[in-house]
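>>> What shape does this take:
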Amino acid sequence: MEISKMEKAKIYHNPKCGCSRKALGLVEQTGLQFEIVEYLKTPPSKNELGEIVKRLGIHPTEIIREKEDLFKELGLSKSDQRETDEWLTILADNPILLQRPIVSYKNRSIVGRPPESVLEILN
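Numbering: from 1, shown residues only. Take a look at the predicted model:
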């Protein structure tokens, strides 16, 4: 298969985060084509987030950074009885709450914590 027709990996990246930078370095070392999405500058849409959690096989609350000040400021709790759709809207509207990095490749996604875990889906 031509390299131009191969599916690209995508990394939802925050350059200020050490784990995210390390995961990006690991993705670069694979030689795969990839796209960097600085999600604080270009937040993923609610639909994109829905696809990510579907591929992760988790509930949206599992990719929320509850230690962020904004989480408390918004009066949120992971035990809130909210619909999945509402959690996805909260994440789309407040991308700072999103765990990082997240790498998507083919039909899978993974949270890069620890960063080395991203290699699991890139083979």
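
>>> drop to CA atoms for contacts and neighbour counts, all remaining ones
OK.

>>> Mind checking the pLDDT average for the biggest helix by length in the chain?
Identified as the longest helix of the chain according to DSSP state H is helix 18-30. Across helix 18-30, pLDDT averages out at 95.

>>> From the contact counts, what lies against it?
strand 9-13 (3 or more C-alpha pairs under 8 Å, 6 or more residues apart in numbering; DSSP states H and E).

>>> so for the strand it packs on, what's the average pLDDT?
For strand 9-13, the mean confidence score works out to 96.

>>> Pull out the buried positions in stretch 8-15.
By 16 or more other C-alpha atoms under 10 Å, the buried positions in stretch 8-15 come out as 9-14.

>>> In a markdown table, list these along with distance to residue 109.
Output for the buried residues of stretch 8-15, formatted as a markdown table (distance: C-alpha to C-alpha, whole Å):
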| residue | distance to residue 109 |
| --- | --- |
| 9 | 10 |
| 10 | 9 |
| 11 | 9 |
| 12 | 10 |
| 13 | 13 |
| 14 | 17 |
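
>>> if we take the residues you listed, which one ends up nearest to residue 84?
residue 12 (20.6 Å; C-alpha to C-alpha).

>>> For stretch 59-78, what is the distance to the chain centroid?
Mean C-alpha position of stretch 59-78 versus that of the full chain (C-alpha atoms, centre = their mean, to the nearest Å) differs by 15 Å.
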